[in-house]
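> Predicted structure and sequence below. I'll ask about it afterward.
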Amino acid sequence: MARPWRLLNSLSKCLNSLESLHKIVLIIEYDGTRYLGSQYQPGGPTIQNELEEAFYKLTGERLRANFASRTDSGVSALGQVASLLSQTALDNRRIVGGLNYYLPGDMAVQAAYRVRADLDVRHEAVSRSYRYSVLNRDIPSPVRERFLYRIGGTLDGSLMTTAAKRLIGEHDFASFASQLGNAWRNTVRRMLDCHVNKCGGIVEFFFTANSFLPHQIRNTVGVLLRVGQGKMNMEDFEQLIAQKKPGAARPAAPAKGLCLVKINYPFNLEESEK
């Protein structure tokens with residue numbers, strides 16, 4: 001049986017260790033082309049794995065990163081947010097520079113902040129903003145098609161805008177999700193913004209919601225494109241919403257056109273620094 005003084009000493013060390021922990025929030029940009037997604041996945045590279053490995057090389061700490069939004073295989077990000085609890089004494093500038101030294105070229109930390117210990121980057125986010133980009137032309141573009149989905153023929157921007165506006169507000173978006181397991185019992189989401197910008201051969205779809213169902217954006221883009229092509233009228237679009245049947249909106253647009261633009265908070269992360 002351990003002696004009382006040893007137990008007290010061990011408890012004191014644990015408390016001191018906890019007191020020295022800092023919550024560090026990172027803003028990350030990445031090209032998701034070669035990754036299986038943001039979170040750990042078996043059998044291939046992920047954003048989480050690369051980030052945690054870089055942090056270990058920089059600080060010697062094996063830590064678990066928590067992400068504000070989950071991105072799927074092939075999806076990119078301009079403003080993903082992740083947090084880690086660390087004991088490092090490095091300042092924000094050195095954290096950013098050090099991580100970018102160890103990260104692969106298709107990932108980069110844009111900013112680092114030390115915030116209050118109880119800040120939850122996922123649950124305290126009020127919304128997420130995504131953009132989906134389409135190249136509307138018949139001729140291939142080997143350079144631009146890495147991040148844009150090319151689709152030929154004519155797309156009616158007015159029709160797509162009308163359909164997109166119909167999605168704003170609180171709705172049951174089950175039809176726009178992939179097959180859902182028992183964990184997804186609530187399929188109601190609040191769409192704060194959904195609009196289409198069509199300029200020349202580039203069509204961009206913008207979505208902001210409190211959260212999204214699995215593949216909701218890509219399935220929605222697939223449907224809006226069919227509306228723009230004249231393959232689906234507004235009556236069919238309304239019926240699709242009313243079905244509330246997972247998978248009804250398939251096929252989804254490919255992942256390469258999707259980008260997480262920003263995680264939105266009711267406060268400024270920079271101003272929330274300790």
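Ah, there it is.

> State the mean pLDDT of stretch 136-155.
For stretch 136-155, the mean per-residue pLDDT is 96.

> residues in contact with that stretch?
31, 33, 76, 132-135, 198, 201-203, 225, 228-229, 253-254, 256-257, 259 (C-beta atoms under 8 Å, 6 or more residues apart in numbering). Glycine gets a C-beta too; all of them are placed from N, C-alpha and C.

> which residues of this protein fall in helices?
For the chain, applying DSSP state H gives helices covering 4-19, 47-59, 92-102, 157-166, 216-228, 234-243.

> Could you look over those and pick the most buried one?
Here the criterion is mean neighbour count by mean count of other C-beta atoms under 10 Å, and of these the winner is helix 216-228, at a mean of 24.

> can I get the helices of the chain in TSV with distance to residue 150?
Below are the helices of the chain laid out as TSV (distance: least, C-beta to C-beta, whole Å):
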stretch	distance to residue 150
helix 4-19	52
helix 47-59	25
helix 92-102	32
helix 157-166	17
helix 216-228	12
helix 234-243	23
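
> Which of those has the lowest mean pLDDT?
Among those, helix 4-19 scores lowest, with a mean of 47.

> Contact partners for residue 162?
residue 234.

> Can you tell me the closest non-neighbouring residue to residue 240?
residue 175 (5.3 Å; C-beta to C-beta, 6 or more residues apart in numbering).

> Which phi and psi values does the nearest residue to residue 33 once chain neighbours are set aside adopt?
Nearest non-adjacent residue to residue 33, counting by C-beta to C-beta, 6+ apart: residue 74, 6.2 Å away. Dihedral pair for residue 74: phi 90, psi -10, per degrees, to the nearest 10.

> wouldn't residue 74 be in contact with residue 253 here?
No. If you go by C-beta atoms under 8 Å, residue 74 and residue 253 don't touch, sitting 11.3 Å apart.

> before we move on, back to that, of the helices of the chain, which approaches residue 273 most closely?
helix 92-102 (8.3 Å; C-beta to C-beta).

> How far off centre is that closest one?
22 Å (C-alpha atoms, centre = their mean, to the nearest Å).

> For it, name the packing helices and strands.
strand 22-30, helix 47-59, strand 107-115 (3 or more C-beta pairs under 8 Å, 6 or more residues apart in numbering; DSSP states H and E).

> what about the first one, distance to the chain center?
Same thing as strand 22-30. Using C-alpha atoms, centre = their mean, the offset of strand 22-30 from its chain centre is 13 Å.

> What's the local residue count around residue 42?
Neighbour count for residue 42, taken as other C-beta atoms under 10 Å: 6.

> Then residue 111?
16.

> For it, which residues are in contact?
Applying C-beta under 8 Å, 6+ apart, the residues near residue 111 are 26-27, 92, 96, 269-270.

> Tell me the one among those residues nearest to residue 215.
Nearest to residue 215 among these, with distances taken as C-beta to C-beta, is residue 27, at 24.7 Å.

> In contact with the residue lying closest to residue 103 once chain neighbours are set aside, which residues?
The shortest distance from residue 103 to any non-neighbouring residue, by C-beta to C-beta, 6+ apart, is to residue 54 (4.8 Å). Residues in contact with residue 54 (C-beta under 8 Å, 6+ apart) are 99, 102-103.

> how's the chain carved up into domains?
8-124, 127-262 (automatic domain parsing).

> Indicate which one of the helices of the chain is closest to residue 210.
Using C-beta to C-beta, those put helix 216-228 closest to residue 210, at 12.0 Å.

> Okay, angle between that closest one and helix 157-166 too, please.
Per axes from the mean of the first three to the mean of the last three C-alpha atoms, to 10 degrees, the angle that helix 216-228 makes with helix 157-166 is 140 degrees.
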